[in-house]
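Visitor: have a look; sequence and predicted model below, questions after that.
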Amino acid sequence: GDSVTQMEGPVTLSEEAFLTINCTYTATGYPSLFWYVQYPGEGLQLLLKATKADDKGSNKGFEATYRKETTSFHLEKGSVQVSDSAVYFCALSDNTGFQKLVFGTGTRLLVSP
Amino acid sequence: DAGVIQSPRHEVTEMGQEVTLRCKPISGHDYLFWYRQTMMRGLELLIYFNNNVPIDDSGMPEDRFSAKMPNASFSTLKIQPSEPRDSAVYFCASTTGGYGYTFGSGTRLTVV
């Protein structure tokens, strides 16, 4: 079945450092790809998405590019802030019409001042 | 819109008791999902509905778990009887199709 693999956390960075969180996927068709963020005590929020190969999703300084050839959707940010500390989830939708999302295990990001 | 609304936010119950979690999806969203989140197992999809009809309940762990969606604006997840291993955060999410879910704030369930 479809699956998503994320890098293990926690990722610990100093403020203004460059962030990369790796995500690779396995899917039989042409999935849509997502990054969600979960702040402490809250539900998941959609951060960005890409629906086809070579699309770049971006939001709040975060970016991710849908790479079909490497089946990857790595999350990047040029300069992280303490407020970016959260858990980040990569996910895919198989586009069968039933809108089912498959999530990765999440990667915790800790940013120190 | 107030978003996806879940109640209660926190629930503490004794083993063997019945627990009912509630969810109000965003108006107009025709898909509703129930997830469970634990440290050990991460996010698990329990069941989801389309137009109030259950589509896939293969993630429901045991017969002790049941979910209903009597109308487009309300869903329940019931655990009877509850066990300590059911302790988790339970999330409801909805979508209209297209791309991306809206999650509720979750119900933190503790079974003692």
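Guide: Nice, I can see it. Every value quoted in this text rests on a predicted model; they were computed, and no experiment measured them.
Visitor: tell me the bridge partners for the residue most central in space within chain B.
Guide: Closest to where the C-alpha atoms of chain B average out (Cα atoms, centre = their mean) is residue B:34, at 3.5 Å. Taking DSSP bridges as the rule, residue B:34 bridges to residue B:47, residue B:92.
Visitor: same check on residue A:67?
Guide: residue A:72.
Visitor: my guess is it contacts residue A:56, does it?
Guide: No. Counting by Cβ atoms under 8 Å, residue A:67 sits too far from residue A:56 to count as a contact (10.2 Å). C-beta here means a position set from N, CA and C on the backbone, and glycine is covered the same way.
Visitor: which of those two has more neighbours?
Guide: residue A:67 (16 against 10; other Cβ atoms under 10 Å in any protein chain shown).
Visitor: so who does that one touch?
Guide: Contact analysis of residue A:67 by Cβ atoms under 8 Å, 6 or more residues apart in numbering or on different chains lists A:53-54, A:73.
Visitor: could you do residue A:40 as well?
Guide: residue A:86.
Visitor: how near is it to chain B?
Guide: Computed with Cβ to the nearest Cβ, to the nearest Å, the distance linking residue A:40 and chain B is 12 Å.
Visitor: distance of that residue from residue B:105?
Guide: Plainly put, residue A:40 is 12 Å away from residue B:105 if you go by Cβ to Cβ, to the nearest Å.
Visitor: one more: residue A:28?
Guide: 34 Å.
Visitor: more neighbours: which of these two?
Guide: For residue A:28 and residue B:105, the more surrounded residue by other Cβ under 10 Å is residue B:105, and the numbers stand at 17 against 8.
Visitor: can you tell me the closest non-neighbouring residue to that one?
Guide: residue A:43 (5.0 Å; Cβ to Cβ, 6 or more residues apart in numbering or on different chains).
Visitor: in chain B, what residue lies closest to chain A?
Guide: residue B:103 (3.4 Å; Cβ to the nearest Cβ).
Visitor: show me what contacts that residue?
Guide: A:43-45, B:4, B:91-93.
Visitor: buried ones from these, can you make that a ChimeraX selection?
Guide: Command for ChimeraX that selects the buried part of the contacts of residue B:103, burial taken from 16 or more other Cβ atoms under 10 Å in any protein chain shown:
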select /A:43,44 /B:4,91,92,93
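Visitor: adding distance to residue A:94, write the contacts of residue B:103 out as a markdown table.
Guide: Listed next are those as a markdown table, based on distance: Cβ to Cβ, whole Å:
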| residue | distance to residue A:94 |
| --- | --- |
| A:43 | 22 |
| A:44 | 18 |
| A:45 | 22 |
| B:4 | 22 |
| B:91 | 20 |
| B:92 | 21 |
| B:93 | 16 |
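Visitor: wait, which of the contacts of residue B:103 is closest to residue A:105?
Guide: residue A:44 (13.1 Å; Cβ to Cβ).
Visitor: show me what the closest one is bridged to.
Guide: Here residue A:44, judged by DSSP bridges, has bridge partners residue A:38.
Visitor: how far away is it from residue B:33?
Guide: Residue A:44 is 11 Å from residue B:33, by Cβ to Cβ.
Visitor: can you list residues touching both of the two?
Guide: Joint contacts of residue A:44 and residue B:33 (Cβ under 8 Å, 6+ apart) are B:93, B:101.
Visitor: wait, what's in contact with the nearest residue to residue A:28 once chain neighbours are set aside?
Guide: Distances taken as Cβ to Cβ, 6+ apart put residue A:2 closest to residue A:28, at 7.0 Å, once the chain neighbours are dropped. Contacts for residue A:2 (Cβ under 8 Å, 6+ apart) come out as A:25-28, A:31, A:92, A:94, A:102.
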